[in-house]
Every structure is written in structure tokens, then in C-alpha cells.
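> here's a sequence, model it:
(chains A, B, C and D)
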Number of protein chains: 2
Amino acid sequence: MKKKRITIKDIANVLNISPAAVSKALNDDSRISAKTKEAVKRVAKELNYQPNHLASALRRGKSNLVGVIVPKTNSNFFSSVIENIEAVLNKAGYNIIITQSNESFEKECKNIDTLLYTQVDGIIASMANETVDLSFYKKIKSKGIPLILFDRGENDLNVDYIGINDYESSHMIVNHLVEKGCKRIAHIGGFKRTRIFNNRIRGYIDALKKHNLPLDNELLLESSLTTEDGRNKMLELLALKKRPDAVYIAGDYATLGALQVLNEQNINIPDDIALVGFGNEPFTAMVTPTISSVKQHSEEIGKLAAESFLKHVEKTPVIQTLNKIILEAELIIRDSSQKK
Amino acid sequence: MKKKRITIKDIANVLNISPAAVSKALNDDSRISAKTKEAVKRVAKELNYQPNHLASALRRGKSNLVGVIVPKTNSNFFSSVIENIEAVLNKAGYNIIITQSNESFEKECKNIDTLLYTQVDGIIASMANETVDLSFYKKIKSKGIPLILFDRGENDLNVDYIGINDYESSHMIVNHLVEKGCKRIAHIGGFKRTRIFNNRIRGYIDALKKHNLPLDNELLLESSLTTEDGRNKMLELLALKKRPDAVYIAGDYATLGALQVLNEQNINIPDDIALVGFGNEPFTAMVTPTISSVKQHSEEIGKLAAESFLKHVEKTPVIQTLNKIILEAELIIRDSSQKK
DNA sequence: TATATTTGTTTAAACGATTAAGCAAAAATA
DNA sequence: TATTTTTGCTTAATCGTTTAAACAAATATA
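This is a model prediction of the structure:
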């Protein structure tokens, strides 16, 4: 007993027409009569025909697959972006291949090779923290397939980018803290070399200036933004002679670490030290006290990234230029900064 | 200026040999001389040759892609399983396509079709809560490609399954709570129709019997196990005339909801009511109080699932039978059940 | 009626790799 | 030396689909 695949040839044999006619009928070619189309589709269903995607992809030179690269799927932000990319692309007949870089440059390079090898029609990516060498991303561009970046991007690649206004978000946060009476606002930022984190740092500095608050270098720390490092950096801040009365942290996981430290040391949040995070991960609304955070519109980012891909993929040759779509983020105020 | 793909034909032309020889050289065929192999590989590198995966997949009848279906990537359990599946399969030359069902039966069916259409060489899946109709999974089997299930599986499909001992885990939990002096232990379980949740419920019931504790039906609730539903079910339990002194909840997110309710109502955890969750999601160690939970060995599950696929895919025809690998889970005791 | 156009189909060549079969030259064996 | 075996390659078919080109029949136009 052999498992023979049903091909268009089998359908053609049943109806005594050519495989070419079958192919055209299945693709609704205008030169095929309605009668034939109907017959072909009927027989296809009867025989339980499944098109061979590899064959058509090979012939068409298109795989209808889109690669997605994210640092990690297990944050709500990325998993939500992915969900929305998928929704838009599925409607347009594309499927996605998700890969994780685990914030590792090496893994990211491997992922890119894997995706190119799999002949994806384009790549939508958010870069790993470690990534500074852009040669692998340039390789994608040199293949002539669309590359779209979101959240973690780079101007130098000259491609579409979808993200939020990080600079402005820092202003929002500082404004909010100042309004609540905070005077010594610290910032635990991400790596400076990563554009989005750099923008948040610049925003923080400029916002302090705007409010005539002195910029104190010991209040500005660089962090990997893991929960663990959030703990460490918070401990550093507590060790200062002049402690801050508010800490703005560029990532929710690190904020969680900071919150744990404060709770352990019985420091009142927000009255002794107010806390604001970034990313609006679900747990920010779950911990005690709940954490104020910035909502990044992951749904919108996913949709726009997918649409940007679709726009580019239709054109040959693919021409890409720097085209930034910047969304305004939203500050969700919760207990950790809600001083009365 | 056209972007011409480099093919084996181009390499063949440079060296004045046949494309067949090039193909064999690249695949290290024993009938090709070392000299030719070296020359081919050198020219391939020089021309920046990238093999056309679609062509070789079509010819070989193998895509070297493996489909993975999970309810949602944004839990630590699934994202960790995926990471480990990927690590094992990459080493064996396979790449994975990740899809999410979002716990929807309809989406899961679509995912299966998508994966089959993409000609994956096998599928590793954890079923959606909603899924009772197994016809789409039978379709995978009927294609003659390996199907491996993990965590959420079904005996009736007669395929490899990797999971933890849910029945025994319930015993561990109840034993622990009894030891801490709890006498009225409630259980907020998952959907009974889902095998793993059913096993946890059976384990709970049998463990109560073992300890001669009466089974009170109002203490056994069925839940979707979302944070929201965890809140609701906890409120139900609190509304009882005779409140429980411990609640074992079959999922961490729901446990979090329950914890919020108890904190809001100033009910002491664990002294008034002890709490045990399931899944050991990272936040269980982050909230106040920290939540006792069951660690499911996601790394091991991922590895075993991938290895099971590799074992099956090498054999033709693929023969699958029910073969369960059951790991013993581990109870991580934290503050929420640590009565003194 | 003669010619042009449209319709509906077939033929055959791709897409880029793999591989069974064939064949000459080199090496091993008798 | 004659024969067999091995080595190293080529030829040609193949995977299943798409599509440019060809063509006959039907229809429209002059």
C-alpha cells in the first residue's frame, strides 16, 4: 500500500483535459470556461487534492512565507505583535515563521540564514540587544526581499520602521512624576547603543532640563533590564547618600525587580519612592502595588508592520528607504506612582 | 540590473563540469573526488551560492520543516518547550514553524491546514482547550508524517505523547497541604474534557480519599483558568458558608487572580487560606506572597518531543502507536502555602 | 463571405535541485 | 596481459506546478 499524492495530473486524467488546464482552473484563470472550472474543483475535492506548495513556490519564485524574528516570544508585547502580524498576513495568503534570537547576536544571524534558506518572501524583525553589526540585515536587503523593523530598529538600514515615540514617552513619564511632586527622579535605562533605549535616555535628560531639575549622573544607570538586574540597580540607588524619590525604569521586568527590593526593605511605594515601568506587561497590573507603565500599542505595531511588508512585496524590484512610522504611546498610571 | 540567483548550474559552468557533479559534491557524495569537491565548495563560496531549498525539498519530497502548534507562545512553559524543540531539531537539520491556536479550535484547524500546505515533515502539538473533534489531527496522521503531542494530548490519537504525571502531581500538592494542616482543600480545575485537567481532578479526589478528607462538591470548580476566571472562582469559594482553608488551582494565571482577590479582601495567605498553583510561571516567584507551584520540566519535554519526532521521521513508512513518556513533576513550595 | 478577434484549450518549457542509469578511464585482480 | 572492479563523472529523467506560446474552434467585424 503506497501513499500516492494526488496531483493536478490525476485530476486532468479523470476529466480528460491537460494538467495546464487544471492548474489554470484552480487559479481561476479567465481563459478557462466556467464549466471546466466547476468540474475541476469538484474532482479536486472528490480526490482530496492538496496542492504541492513546494512545486508552486519553486515555479513562481515565491514561497508565501514571511519570517519573523523577535528577541523572545514570551513577553506579552512580542507575542501580541506576532499575533497581529499573523492575522494581517494570513488574510493576504501568507504564513509566518517565528524565530527567537534570545537576545543573542549569534542566534539572530543563524535565524536570518535559516529564514533566507527557507526562501521567505520577506522578514519582519525586532533586533536583539546585542546586535551592532548590521551585515546580516544587509544580506536580507541584498536578496531583494522586503525587510521591516519594529520596536528595536536601526536608521542605518534604510528600511521601514514601526515603533513608538520613545523620546516623547520619557517626557510623559517625567511630566507625570513632576506633577506628583517628585524632585529627584532616577532612570534605569537599557543599553545606550540600542536606539530605543538611547531615545528614552535622551528624553529623560531633556525632560529634566525642561523642569529645571538638575541632572545627577548617579541617578542615571545602564541596565540589561532583566528582573535580576533591576534588583541590582535598585540596590545601587538605595545605597546613595541622596536617594531618589522616583525611579523611571525602561522595562517592566526590571521594574518588577526594583519593586521586590523596595517591598523587601519596607520602603513605601509610591510615597517614599515612586516607580514607573515600560511595556505594560500584564503582570504590572497584578503585583502589589500595581505598576504604572507605558503601553506600546502592540496590536497596531503588528498590523502596520505586516501592511508595510505587503506594500513592498508587491513591487518589483523592491525599493526600500528609511520610512519611520512612530506611534504615540500611552502612560497607564497605576498605584506605584499615584501619590495622593 | 537583474538579481540573478546563483544556481548549481553556474558553479558547473565555471568549473566545466555537470550540475549533477556539483550537486553531489555539495552533498559529499562518495563518488566525487576530493579535488572536485574542494573546487566546487570554493566556487560556491566565491559566487555566494545559496541552495534553493524549495527545489531540493520538492525533489527529495522533504521540506526539513517541522510545524509546532501551541495554544499561546506567551507563557513561559510553551516558549521554553519551543526553545528546546528548536535546539534539538536545528542540530538535526530541521527548522521549525511556530503557530498559535489561541485556545481556539477553529484557529487550530487552520494552523494544521497551513502546516500541511507548507509541506512540513511532521507536527509537534499541544492541543487547544476547546478541541474535542480530532479529525484534523487524524488528517495529519493520514498524511503519513509524524505527529507528536505534548502537555495537552489525547490517547485516542495513538501517537507519542510527552507530559508530566498530572494525577501524581495532584497527590503531591494535596499531601503537602495536608501536612501543613489544611483540612478543607478546594480545587479550581481546568476543563474536565481536557485530559490533563481531568487527571489533575482525579488525582485531587483520590488524594482527598487517601487522607480521609470528605469530598465536598462545592469545593471543586471547573474553570477556563484565565486570571479573570481565577478571580471569579475565588469569589465563589469565598461566598461559601464553610470557606476552604486551602485552594489548589490547576493554572498559575488563575492562581494569580485568586491571589489578587484574597489580597484585596485582606485574607491572610497562607494562614487563612493557602494557595498552590500549577506551571511555575516566573511571576509566581515575583508576586506577594510568592506562589507555590508545580514545575513541569519544559526543557525536558521540548527535548523529548523533538527526539521523538526524529525517531519517527527516519522510518518509512511512519508507524505510530500510543507511546507515553510521563515525567515526574516537582512541587516548588513558596510562601503561599508555607504555613509555620 | 472573408478576415479579425476572442475563447478555451494544449504543448512544452521552465523553476533548481536530486538521482538512477550509463559510461569511460583508472585501478585492482586473476 | 586480459578481465573485473572501482572511481569519477555525465546524461537525462524527475519532483508538481506555472506559464509563454501555439492553435483550433467559435464568434465578431468588415
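
> does the helix or strand of chain A with the lowest mean pLDDT reach chain B?
Within chain A, confidence by mean pLDDT, DSSP states H and E is lowest for strand A:95-100 among all helices and strands, at a mean of 88. Yes - Strand A:95-100 reaches chain B (Cβ under 8 Å from any Cβ of the partner chain) through A:Asn95, A:Ile97, A:Ile98, A:Gln100. The way it works is simple: take the backbone N, C-alpha and C, and place the C-beta from them, glycine included.

> which ones are touching the second one?
Put plainly, it is A:Ile97. With contacts defined as Cβ atoms under 8 Å, 6 or more residues apart in numbering or on different chains, A:Ile97 is in contact with A:Leu65, A:Val66, A:Gly67, A:Val68, A:Leu115, A:Thr118, A:Val120, B:Asn95, B:Ile97, B:Ile98.

> mind listing what the fourth one touches?
I take that to be A:Val68. A:Val68 neighbours (Cβ under 8 Å, 6+ apart): A:Ile82, A:Ile85, A:Ile96, A:Ile97, A:Ile98, A:Thr99, A:Ile123, A:Ile124, A:Ala125.

> can we see that at 6 Å?
The contact partners of A:Val68, taken as Cβ atoms under 6 Å, 6 or more residues apart in numbering or on different chains, are A:Ile96, A:Ile98, A:Ile124.

> most neighbours among these, which one?
Ranked by neighbour count (other Cβ atoms under 10 Å in any protein chain shown), these have A:Ile124 at the top, with 27 neighbours.

> sec struct for the nearest residue to it once chain neighbours are set aside, please.
Nearest residue to A:Ile124, sequence neighbours excluded (Cβ to Cβ, 6 or more residues apart in numbering or on different chains): A:Ile148, at 4.6 Å. In three-state terms, and counting by DSSP: H, G, I helix; E, B strand; the rest coil, A:Ile148 is strand.

> element containing A:His187?
strand A:185-189 (DSSP states H and E).

> can you pull out the helices in the stretch 1-150 of chain A?
A:8-15, A:19-26, A:34-46, A:53-60, A:76-91, A:105-117, A:135-142 (DSSP state H, counting those that start in this stretch).

> and of these, who's closest to B:Ile8?
helix A:53-60 (14.2 Å; Cβ to Cβ).

> please state the offset of that closest one from the chain centre?
29 Å (Cα atoms, centre = their mean, to the nearest Å).

> packing partners for that helix?
Counting contacts by 3 or more Cβ pairs under 6 Å, 6 or more residues apart in numbering or on different chains; DSSP states H and E, helix A:53-60 packs against helix B:53-60.

> flag every buried residue along the helix it packs on.
By 16 or more other Cβ atoms under 10 Å in any protein chain shown, the buried positions in helix B:53-60 come out as B:His53, B:Leu54, B:Ala55, B:Ser56, B:Ala57, B:Leu58.

> count of neighbours near A:Asp216?
14.

> coming back round to it: kindly reformat the helices of the stretch 1-150 of chain A as TSV containing distance to B:Asn48.
Shown next, in TSV, are these (distance: least, Cβ to Cβ, whole Å):
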stretch	distance to B:Asn48
helix A:8-15	35
helix A:19-26	33
helix A:34-46	41
helix A:53-60	20
helix A:76-91	29
helix A:105-117	11
helix A:135-142	9
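
> of all the ones you listed, which one is nearest A:Thr284?
Nearest of those (Cβ to Cβ): helix A:76-91, 9.8 Å.

> tell me what the closest one is packed against?
Using 3+ Cβ pairs under 6 Å, 6+ apart: helix A:76-91 touches helix A:298-313.

> output the least confident helix or strand of chain A in CSV with nothing but the alpha carbons.
In CSV, the C-alpha atoms belonging to strand A:95-100 read as follows (Å, rounded to 0.1, in the frame of the first residue of the first chain):
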residue,chain,number,x,y,z
ASN,A,95,2.1,32.3,6.5
ILE,A,96,4.7,33.3,9.1
ILE,A,97,7.7,31.5,10.5
ILE,A,98,8.5,32.7,14.0
THR,A,99,12.1,32.6,15.3
GLN,A,100,13.6,33.8,18.6
